[in-house]
Structure formats: C-alpha cells, structure tokens
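**Student:** okay, predicted coordinates and the sequence, questions at the end:
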Amino acid sequence: MNDDTIAAISTPLGEGGIGIVRLSGRDAVSIVEKLFSSPKNKKLSESESHKLIHGFIKNPSTNTTIDEVLVTVMKAPKTYTKEDVVEINCHGGILPLREVLELVLRSGARPAEPGEFTKRAFLNGRIDLSQAEAVIDLIRAKTDESRRVAVEQLSGGLSEKITSLRDRIASICAHIEAYIDFPEEEIEPASLESILNEIQDIKNGLSILSNSFEEGRFFREGFKIAIVGRPNVGKSSLLNALLNRDRAIVTETPGTTRDLLEEYLNVKGLPVRIMDTAGIRETHEMAEREGVMRSLKAIDDADLIIGIIDGTTPLNNEDMVVLEKIKDKKNIIAINKSDLPPHPSLPLKGGGSGWGFENCLKQYSQNVLMISAKTGEGLDTLKDKILDVSLIKSQKLVGATLSEDSYREVRSPFDESEGVIVTNIRHKVAIDNGITALNNVSAALRSLLPLEIVAMEMRDALDRLGEIVGSVTTEDILNRIFSEFCIGK
Amino acid sequence: MIRDSQYDVIVIGAGHAGCEAALTAARMGMATCMFTMNLDTIAQMSCNPAIGGLAKGHLVREIDALGGEMAKNTDRAGIQFRMLNRSKGPAVWSLRAQADRVLYRLSMRKALESQKNLSIKQALIEKIIVEDGEVMGVSTSLGIFYGARAVIVTTGTFLKGLIHIGLDNYPSGRAGEFPSVGLSDSLRELGLKMGRLKTGTPPRLDAHTIDFSKTAPQYGDEPPLPFSYSTERITNPQLPCYITYTNSETHRIIRENLDRSPLYSGRIKSIGPRYCPSVEDKVVRFSERERHQVFLEPEGLDTKEYYANGISTSLPYDVQVRLVRSIPGLEEAEIMRPAYAIEYDFVYPTQVKHSLETKGVKGLFLAGQINGTSGYEEAAAQGLMAGINAALKIKGEAPLVLGRHEAYTGVLIDDLVTKGTNEPYRMFTSRAEYRLLLRHDNADSRLMEKGYRIGLLDESSYKRFCEKKKLMGRESSRLKSTRLKPSVINGALVALNTAPIKEDAALEQLLKRPEVGYDFIKRFSPPEKPLSEDVCREIEIQIKYNGYILRQIETAEKLKRMDEKRIPEGIDYSSISGLSKEIVLKLEEVRPANIGQASRVPGVTPAAISLLLVAIEKGRRAVKS
C-alpha cells in the first residue's frame, strides 16, 4: 500500500487563487511528466531536484492547456515523505486545480487516504517518535472528516444509484462465475448479446453520473461571478461586504489585488463563486499585467459579471474599457460608494434624472443599481438582482437549490440522472475507471476471450465502484450464485 | 499410563488429510506414526467416488507438484478421467476422475506401508498431552502414551459424529463406524473454540436393479489424461457414468415428507454446505425447477454398487426408497446403503496459523474437515501442508506458506485462517484473485521448486521438471525468433478467417491471435523435436494471455509486499488508539501475521491499517531507542 503513488490538493480549498497538487510515490515524476510541457522542453525526470520549473499542464487526450504552473520535483529521500514528491503549483483558481488533480488521478495516481502523506512521512522515518500520537490523531481526524464529507456527498441518491449499478455488474459476474465453476450443472450460458446489452446499459448509467460532475459544477463550484472594474473602485470591499469579513486586502493603493481571489457564498440559496479580480488598466508592471490578463480571462469564464463604478468620480477611459468588455455578457453594474456625496452627473436617489451618467450606463446593462460596500446599503438589492439574473442565465442549472416556486418553473438538467449529481472528484474518477473496466469487459467479450478474463475485468469494474459504495467480496458473489442457481449434485 | 514409542510426528486419522500428512512428514525424514481407528478404512472415500473437478483438480495438481500422493493414487485407482471446461479458458480447465473406492484405499495403504520412517497403528486416540503450552504426545483409549514433537489432528467427521436418517439418529463417525468423543473434549480442554457442521451423502444403489437403458451414459476422455506429472498413462479399464433426472413425482414425495426430514423439522441446526445441498433443499428452494440431475457413478470395477450423486438426503429410509424409485431407470432400484446426514465438531479455523499450527498449543497442527472444510482435495492439501510445516518446525526451519498468487492451497489456507468459516468450506476458482496465474497446467512451474527445496519432491520428478523447463525456454525463444513469410502462411490464415500478414511475422505474434493455436503454428514451423502436449499448451497459454498474466503478476506483487510487512506476534490491539472496538475484536481473534492478512480480515478498514502501521513503526522505534 505504500508503493503506489498518491495525490491530493494540499492547500485548503477556497483559499485564494494559488493551490498545490501534491504527489508522492515511485511514479510521481513519470505521472506528471505525461501531463507537463515546458516552453523550453525541459524534462521533469532530468530536472534538478527541489527547483521550480515553469510550464503548462495539458490534458493529453484533448491537448488543451489546463493551467500555467510551477512544478517542483523533489527526489527521494530528502522530501516530506522520503519518497519522490512532485508539487504542482496552480494559479488559475479552484477549477483548474481540480482538473489538474483529476488528470493525475487518471494518469496512475490514486487519491491519498486521509492523513496519508503524514503517515508515509512517519513510516519512512521522516517524523520522529514523539510525534507518533499526532500522526495517529491526524489520521483519525481526517478519517472522521472525510467520512462526514463522504456521507454528505453520498446523500441524495448517489449511493443508491451506484449500488444498484454495481449490483447489476455483480449479477452478471455471478452468472459468469457460476458458469465457470459449475460445468456439470445445468447453467444456461447467458447470450453474448444480452450481456453486452446489459453492460452497455450499465455503462450508460455510469456515464450519466460521470457527466453530472460537469453539469453539477454550479453546485460544486458555484455560479461563477466575476467582480470587475478599474483599480480602486472597491471590488475587494464589495467581496468582503458580501462575505462579511476582511478577506481581500483592501488598501488605498491601486492595483493591490494582483491575483484572482475566489470565495464561495450562498446568495439566497444559490451557491455562488465570486472572483475578485485585479483592476483592469494599462500597466507596465509585470505582476500587475499578469493580474489584468487574468481578470480579462475571468470575464470570459464567468456566468455573471458585476461591473463596479465609483459613484464619486466621473467615468473615465478605464471605466469605459471595463464597460466595453462586459456589455455582451450577463451583467450587473453596481455604482459604489453611495455613502459618499455622489458625483454631480449621477442621478440622485428617490428620482430626478440627471443627464448622461445613468443613460450612459443603461447602454451597457439592464441592471444598474447603487450600493455601498462600506455601509452595506443596497447589498440586499444586489443579491436579489444576482438571483434574478442567474435564474435567467442558468435556468436549467440550478433548480434543486431554489425555493419551491421557482423549482416548479425551472426544469432540472439532472432529469437524466434523476437529480443525482457527482460532486466529489474521487467518486468521479472511480466511476470513470469503472466505465473503462466495463469497456474492457465488452472488448474481451467481443474478441471471444476466455470467460475467466472477462470475469477478471468484471471484478475490476466492481472494485472501482466498490471504492465509492463498498466492495463486493467473493463471498457476496458466492451468495448470489447459490441463491440464483441450483448448484450441487 | 503405559509409555510406548516416541516419534517426531504423530498423525491422528487416516483419511485424505491424514495420509498426506503422514507420508509428507515421513518423506521429510521425520519418524512418523499414523493412528487410525480402523486399519481397513485408510483413505476411505466417504462420499462420492470421485477426485478433482473445478478448483479441486487444481488442488490435486498442486499436491502432486509439491510431492504429495493424491494425484498418483487417483491415477492408480481412476476408472474415468474427464477434463472439465474444455470449451472455456485454459485457467479453468480442470481434471476430474472417478475412482474405484477399494483400489483407492488399497493403493494408498500400499504407499503408506512402503514408506520409510512411517508406522501405522490402529488405536482410538482420546487425549492430546500438552505441557507448558507445548504438545508432548497422545494417549489412547487403552491408556497408552505415545510421545511426539508435533501432532497433526485430521479427524474428518469423526469428532462427536452424529448420523441422521429421518428422525432417527445415532453417534457414528461415518456409516458403520464409531465416533471419536474423547478427543473432541480433549481439544476443547486445550482451549480451542469449537462449532458444529453438517454434511450428507446420497444412497448407494445395486446396479443389478438399475435399468441403464433409461439413462444417458457419460464417458470419460480417450485417452484419459492423468493427474500426476509423473504418471505416464492410465492403465485401469474405464467406465462411464449415467445421467438421469428427478421429476414432479419425486418432488411431490419429498414435499409430502418434509416433516420427517431432520433438516426441516429443526432437529439438525448445524450448517451444511450450500454447494452440496440435499435433494429436499433443492426441491424446496428451487421449486420452479421441474427436474434435477442425478449422476449414477460406479463405485468400482469389481462391484455393482452405484453412487446416486444428486439425491443426498436425510429423509427416512422408506421415503428414500420411494423417491429413488420415482426416477427413470431406478423404478426397481434396491438401496444397498441408505443416504444420511451427519453432524460433527470442527475447530473455528481462525485459531490456526498459516502453517496450520494452532496458535494456542505449540506443535499441535489441524488439517482437513476439522478446520471447517469439505472435500477430499481440500483435506489432502491441508494434510500435506500440515505435514510439511510440522517437519519444518522440528527441523527448526521457517514454515512454508503459499501465497494467494502461488496456489489454490494458499488461497484455501489464507481464507480459513483469515476469514474463518461458518459452513463447510469448499474451493472454487472464483475464490482465487489470480486465477490466470493458478492454472491446472502450470502447477509444476508454480510449486515443484519449493517441493524439491524442502526435500519432499523426489529427485526424478524434479529432474523431469527441469528438463521440461529447459524445453519450454528453448521453444519460447524459437517462437520469438522464427519468422514466417506471408507467402508461406497467408493462405492458411485466410482459411482460418483471420487477416493475412503483409510482412514476415514472428511465430509468437501469430500465436497471439485468438484464431491461431499452437497446432497451427506447428504445421508450418515444427520444433526440432516434437514436444509433449502439456508443454505446447503451457507455452501457448503464456503467449496468448501474456498481457493479462502480467497484469495479475503486477497486482500479486503488490499483495506480496503487504504480506511481507510482519506484525509483531504479541501486539496489543486494544492499546492502539483510534481502532474501533469491533476491529480490535476481529484482529484479536485472527491475530494476523502480516499487514496483507490484516487487510483481508473482514471489517478491517484502510484507516485501521494505517493506524496499525503507525503503531508497529512506533513500537519498532521504541524498542530501538
């Protein structure tokens, strides 16, 4: 168990845009090598230990770039676990981070057990005896934690779904095993056609679940909202206000937020993922320019954009750049700093129309409102607006979390999977591995390979799904055989 | 108490486990004595007159490869040989033989009597003598003491055996024989936890009264393939079996008399084998079935007794007569021996180690049905391993433990000592995770080296094996290096319905195709000297399924590494923080020898294994400092 290569996201989720996927084990380097490409064509296996290498993680099957990364290869034994360790520093936020993890899991690593890095560190003599109790506590705590999480994630019918698919596989398995082990009994061999059809059907069921992982992104990742605006209009303050805490660094200095910051919050039942972006402006400073680039990308990725305008200053060119960028997207424009005296061009509260400002903004958005990130004024209206807009945008996506009324109007996209969504990457990988194993079963059946090889692939599929809902033991298979077939001379 | 001789190894019981255990210990140089209650029933086949079948045939081949007797004896006594599952893959081919019951007994007795270092005595062993947790010897019902450094108990169904026929029952070890009562109590006094199991056997019929014309004959293979690697050919005349069926009348008779069945009246509470149900069980549980097979198997060449396989029952004699006579061909059949069910004591097998030595008493080994198994082959395989490990222990050597990836014998023993059993345990190929590695054909490659190394496998068998290995190696490299031209082979390939080749192809490549067999290759490019059929087959299998075989080897390697992580013998599970009470109880019961075994104990989670690993490492470092 200590020879295989394990992987996990080793930074807490939701803590900023940077995250690390860490691998440990004998294949750590070769696994990442398959996914990594460096502009200078550097090979990870040949690179110096404990040095950062810049490059990209690509999905080898689609050849798309997932994230720009810094990779550190740390050769055993001078590592945390005394095994080969590779750390992939991702910058693109939570989504690419998870995709990178998913890729390494598909490429031969397995998800780390709770506390497993530390356990290995201890077993390999990296941590001294006095800390043994701490290691045990960690394993226990993490196990309890992951059990809790697993129970949560398995609720809502996923467990039942997978169990029923797994049991259908077990049933075919029992038939094949009975046919192999009891040649002198009158057991009818199942027709090739019927087994293939059944397997196809099971695979379809698994595929629907696997796909729900993508579709369920809204639930998992939240409805994606980007907060954009020129520097220092109060983007980070708005984020903090929505979160009720000091999360982003708020300073008077323009250009403070150079990376994307992400937060999760619940807007009246809608899970929302808000990205605070660097202010958009022309800049020559390297790091800041990078931040601006990311902000522009965030606009592309977002499901909804909140553009912020400083109500105390006239619109300037930088505002116009932002407005141009967001006008074709689903958006809300929030005029901030309603606690301060407004700029004369702004229409006053309670009626009266000023000239250009409001009309001007109306060209860019249906939804213009005033807020004060500082006092909280207008935030409730903003939340309502977010809900309204998101409903239109993602009508088919969010049904389940909304109130009864809206649920009735909204058709769930999960009709196919009957509302069951896979949210855990571990589950997703296990399901996908199960599908692969079933593909092998079909291939073996089609090429008329011996039944014991078919059975071997079937067991593999059972084991993969067993990682989610508990394994099917030989004893279970035998129980099925003896209850379904009359065995025994 | 009167003292008689002192031995190295004493074997109690002369069934299939006992015979292998005694022969093995003696062959490994131990002064051995085998005790039986009746010298005339040595190696008695108490149930059906057949050896082998799926997974069981594999066990017999393994016994042979290690240097045991069962395969050779079956070849000497066999009157029908069939390779089962020929239409399926090579890993699940398995040989099955009908044996002449008398020949089997006599031939085994001859082997035992001609074995150096082995005494055979008729006596009823009543007590195991133990001092300071170590076995000293045994004492008989006549109060005679025999000393031994190791005692192997192979008592089959004899411990407090109770036979049921209908609602009548009486103490008996086997039809017509006494039970063993004192020994059961003696084992219990040694602290072994014991339970009760049940098994049954069908009636034997008189062939003079069977109308075989109403049945379908089933013949063996021609020529019959032997079990043993050392048997050149089968010399006995071969006999067919006959198949007939029960019918609705049979089922009606059974149903109407269920209240007279000890199974259904609740008189028998112990658990019987699910794979060997009584006919009343089959009729009740699968009521939709219109008929069930009945195999009429000859008990021998010189007897008219036939074994009615398929109608094992515990119904009373008069019902047995009626149900038998409702079956086509058996309308006038006379029952020579009635069917019966038997209950007997067994020892919960989690109390023995992989070596089959009990955890509580040093030098005390258990093998066969006493460990909760059923079947001659399962018993013999354990007898062999107990004999080996008793001898190794006396020699001061490490026990021989076969891995799950090495032998069905390994799977059998690992299952017993790790998972325990509540019903008579039988081997199935589906119990083996590495079925492609554990084939009937390659038992020699898997085990002969080991059998020879411990001094059990004889010199000539080992030489033959080495010769075969050399031939196989040579032929494998020839298949790799020899290439055929398209012009030579394409016509034949197309005729086989497989794609022609565009350029020269190695024989090995061609052999990988599902349609192409070794015989086909041989036609175009024969080896220098013709090879025996089993060599050809083994090579063909290795090449054809190489990818799958490698995959299993890879997972087996992982398992092996876990099995190599030993758990200290005295570890205190209750002191490991974080382990749940249930897991502590489970681990205390099984006391696994290594991490691999611990992870196979039912209910033990990966997190528990992590905690265990940390605790062991902690202990190791504490000792070091």
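**Tutor:** Looks like it arrived, so ask away. The shown structure was predicted, so the numbers you read here are calculated from the model rather than taken from an experiment. Numbering: from 1, shown residues only, chains lettered A, B, ... in the order given.

**Student:** residue contacts, the residue of the stretch 451-600 of chain B found nearest chain A?
**Tutor:** Evaluated by Cβ to the nearest Cβ, the stretch 451-600 of chain B has B:G578 as its residue closest to chain A, separated by 4.5 Å. C-betas here are computed from N, CA, C, even on glycine. Contact analysis of B:G578 by Cβ atoms under 8 Å, 6 or more residues apart in numbering or on different chains lists A:136-137, A:139-140, B:607, B:611.

**Student:** for chain A, give me its nearest residue in the stretch 401-550 of chain B.
**Tutor:** Closest point on the stretch 401-550 of chain B to chain A, by Cβ to the nearest Cβ, is B:S430, at 4.3 Å.

**Student:** hang on, that residue packs against A:D476?
**Tutor:** No: between B:S430 and A:D476 there is no contact under Cβ atoms under 8 Å: 10.9 Å.

**Student:** using the three-state scheme, assign the residue of the stretch 401-550 of chain B closest to chain A.
**Tutor:** Three-state assignment for B:S430 (DSSP: H, G, I helix; E, B strand; the rest coil): helix.

**Student:** quick one: pLDDT of it?
**Tutor:** On pLDDT, B:S430 comes in at 95.

**Student:** in a helix, B:R96, correct?
**Tutor:** No: B:R96 sits outside any helix when classified using three-state DSSP, being strand.

**Student:** give me the neighbour count for it.
**Tutor:** B:R96 has 24 neighbouring residues, counting by other Cβ atoms under 10 Å in any protein chain shown.

**Student:** assign a three-state SS to the residue of the stretch 451-600 of chain B closest to chain A, would you?
**Tutor:** B:G578 - assigned by three-state DSSP - is coil.

**Student:** higher neighbour count, B:S430 and A:D476?
**Tutor:** Legend: neighbour count by other Cβ under 10 Å for B:S430 and A:D476, higher for B:S430 (24 against 16).

**Student:** helix, strand or coil for the residue nearest to the more buried one when sequence neighbours are not counted?
**Tutor:** If the residues on either side of it in the chain are set aside, B:S430 comes closest to A:E177, at 4.3 Å by Cβ to Cβ, 6 or more residues apart in numbering or on different chains. Applying three-state DSSP to A:E177 yields a three-state assignment of helix.

**Student:** A:E177 contacts A:D476, correct?
**Tutor:** No: A:E177 is beyond contact range of A:D476, at 11.1 Å (criterion: Cβ under 8 Å).

**Student:** next one: the residue nearest to B:S430 from B:S107, what distance?
**Tutor:** According to Cβ to Cβ, to the nearest Å, A:E177 and B:S107 sit 35 Å apart.

**Student:** so the two - more neighbours on which side?
**Tutor:** A:E177 (26 against 20).

**Student:** per-residue pLDDT, the more buried one?
**Tutor:** So, for A:E177, pLDDT stands at 94.

**Student:** show me what contacts it?
**Tutor:** Neighbours of A:E177 in contact, by Cβ under 8 Å, 6+ apart: A:455, A:477, A:481, B:428, B:430.

**Student:** among those residues, which one sits closest to B:T32?
**Tutor:** B:F428 (32.5 Å; Cβ to Cβ).

**Student:** wait, doesn't the closest one sit right on B:L54?
**Tutor:** Yes: between B:F428 and B:L54 there is a contact under Cβ under 8 Å: 6.9 Å.

**Student:** now do the shared contacts for these two.
**Tutor:** Contact criterion Cβ under 8 Å, 6+ apart; residues shared by B:F428 and B:L54: A:D181.

**Student:** where in the stretch 1-150 of chain B is pLDDT low?
**Tutor:** For the stretch 1-150 of chain B, no stretch has pLDDT under 70.

**Student:** closest residue of it to chain A?
**Tutor:** For the stretch 1-150 of chain B, Cβ to the nearest Cβ, closest residue to chain A: B:G89, 2.2 Å.

**Student:** just give the number of residues close to that residue.
**Tutor:** Neighbour number of B:G89 under other Cβ under 10 Å is 22.

**Student:** ok now do the closest residue in space to it that isn't next to it in sequence, which residues does it touch?
**Tutor:** In space, B:G89 comes closest to A:P450 once its chain neighbours are excluded; the distance is 2.2 Å by Cβ to Cβ, 6+ apart. Taking Cβ under 8 Å, 6+ apart, we find A:P450 in contact with B:88-92, B:545.
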